[in-house]
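Undergrad: Here is a sequence with its predicted model. Questions after.
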Amino acid sequence: MTDYIVRATAANSQIRAFACTTRNLVEFARNAHGTSPVVTAALGRMLTGGAMMGSMMKGDKDLLTLKINSDGPIQGITVTADAKANVKGYALHNDVMLPPTPAGKLDVGKAVGKGVLSVIKDMGLKEPYVGQIDLQTGEIAEDLTYYFAVSEQVPSSVALGVLMNKDNTVKCAGGFILQLMPFADEEVISKLEAKIGEISSVTSMLDQGMTPEMILEHVLGDFGLEIHDKIETQFTCNCEKKRVEKAIISIGKKEIEEMIADDKPIEVNCHFCNTNYQFSVDELKDLLKKASK
C-alpha cells in the first residue's frame, strides 16, 4: 500500500483533521541512513509529522522545515516537507542504542533529550516564518502539540507512531493531527478531549491494520466526519549531481584548486538521502574553469 494522508473536517468544520500511514517512507529512511531502532522511531515520527504539516501549506512552492537541536545522543534531527507532502530528513547520529522504557517501548525521549524545536516555513516572502519552542518531552508528538498551542495558538492533538519488526525493519508508521478552530464551542472541545483520552496509541491502531480513514472514523465518527481528500506522501530528495556541482563551484576557486592539488577524486554526501556523488580530478578541473568565469 502506498503511503498517503487523509484530510478531513468534523463538527461542522469546528475540527480539522489529518491522518496518515507512512510505513514505506520511514522504511526508506531507515534503509538509506542505516538507523538503529530508536533513531528510526525518532526520525520516523518527525518525517510523519512533517509530511502532514507540509500538506497544510497552501502554495506549491512553500517549504516547511522541522529542526531539533538537543543534548540527547541523537543530538539533532532535520526534516523538510513541501505542500505536496514530499518529505526528506536525517538524524545527526544514526547508531544510538538505548535500553527500552519501563513500558518496553523505544526510548525516543531519552534519545532526543532536552533542546529546541524550530519550525521554519518558507512561503516565498522576504523572510521565512520561524517558530521555536523548548522540547517538552523529546517524544516529538507532544512537542509538536505544544508548538501548535504556543507558536500558532491552535489547540491541537498530535499522535505519531513507528512500530518495528524483530528484524528492525519498519512494521507500520503513521499518525494524526487534530486541530480545533477558533470558533469551536465548549461542548465540542470537551467531547473531543474525552475521546482523545480514550485512545490507547496510534501505533496499536496501525498494528491492527486500521487505515487513516478508519483512524479518523474511530476518533471523529461521532462528530460528523467529512473526508475531503487523500494525497500520497513519500520520501523524496531533490539532490542530483548538477546541484552538487553548483555547490562545489560556489565554494570558490581556491578550495577547488586545493582539491585538485590533492590529485584524488572527492566524494560529496547528501545528508538527506545519504547518496554519495563522486568527482574525478578531471571533473574538478572542469568545475574550476566554470568557477573562474
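TA: Yes, it's here.
Undergrad: show me where the stretch 51-200 of the chain has strands.
TA: Secondary structure of the stretch 51-200 of the chain (DSSP state E, counting those that start in this stretch): strands located at 63-70, 76-82, 86-91, 115-122, 129-134, 156-164, 170-180.
Undergrad: which one of these lies closest to residue 201?
TA: Taking CB to CB as the measure, the strands of the stretch 51-200 of the chain were each checked against residue 201, and strand 156-164 came out nearest at 6.2 Å. All C-beta spots, glycine's among them, are computed from the backbone N, C-alpha and C.
Undergrad: Could you figure out how far that closest one is turned away from strand 170-180?
TA: Interaxial angle, strand 156-164 versus strand 170-180 (axes from the mean of the first three to the mean of the last three CA atoms, to 10 degrees): 180 degrees.
Undergrad: Give me the packing partners of strand 156-164, helices and strands only.
TA: Applying 3 or more CB pairs under 8 Å, 6 or more residues apart in numbering; DSSP states H and E, one finds that strand 156-164 makes contact with helix 37-54, helix 141-151, strand 170-180, helix 202-207.
Undergrad: Which strands and helices lie in contact with the one helix or strand residue 283 maps to?
TA: In this assignment (DSSP states H and E), residue 283 forms part of helix 281-292. Here helix 281-292 is seen to pack against helix 241-250, helix 253-261 when contacts are counted using 3+ CB pairs under 8 Å, 6+ apart.
Undergrad: can you tell me how far residue 231 sits from residue 213?
TA: Here the distance between residue 231 and residue 213 works out to 13 Å (CB to CB, to the nearest Å).
Undergrad: most packed of the helices and strands packed on strand 156-164?
TA: Each of the helices and strands packed on strand 156-164 was given a mean neighbour count from mean count of other CB atoms under 10 Å, and the largest, a mean of 28, is that of helix 37-54.
Undergrad: what's the spacing between that helix and its chain's center?
TA: Centroid separation between helix 37-54 and its chain, computed with CA atoms, centre = their mean, to the nearest Å, is 4 Å.
Undergrad: Report the angle between it and strand 76-82.
TA: Using the same axes, to 10 degrees, the interaxial angle of helix 37-54 with respect to strand 76-82 works out to 30 degrees.
Undergrad: ok, residue 55 touching residue 232?
TA: No. Here residue 55 lies out of contact with residue 232, judged by CB atoms under 8 Å, at a distance of 10.3 Å.
Undergrad: what is in contact with the two at once?
TA: 5, 85 (CB atoms under 8 Å, 6 or more residues apart in numbering).
Undergrad: Neighbour count: the two, which is higher?
TA: Using other CB atoms under 10 Å, the more surrounded residue of residue 55 and residue 232 is residue 55, with 24 against 12.
Undergrad: Thank you, goodbye.
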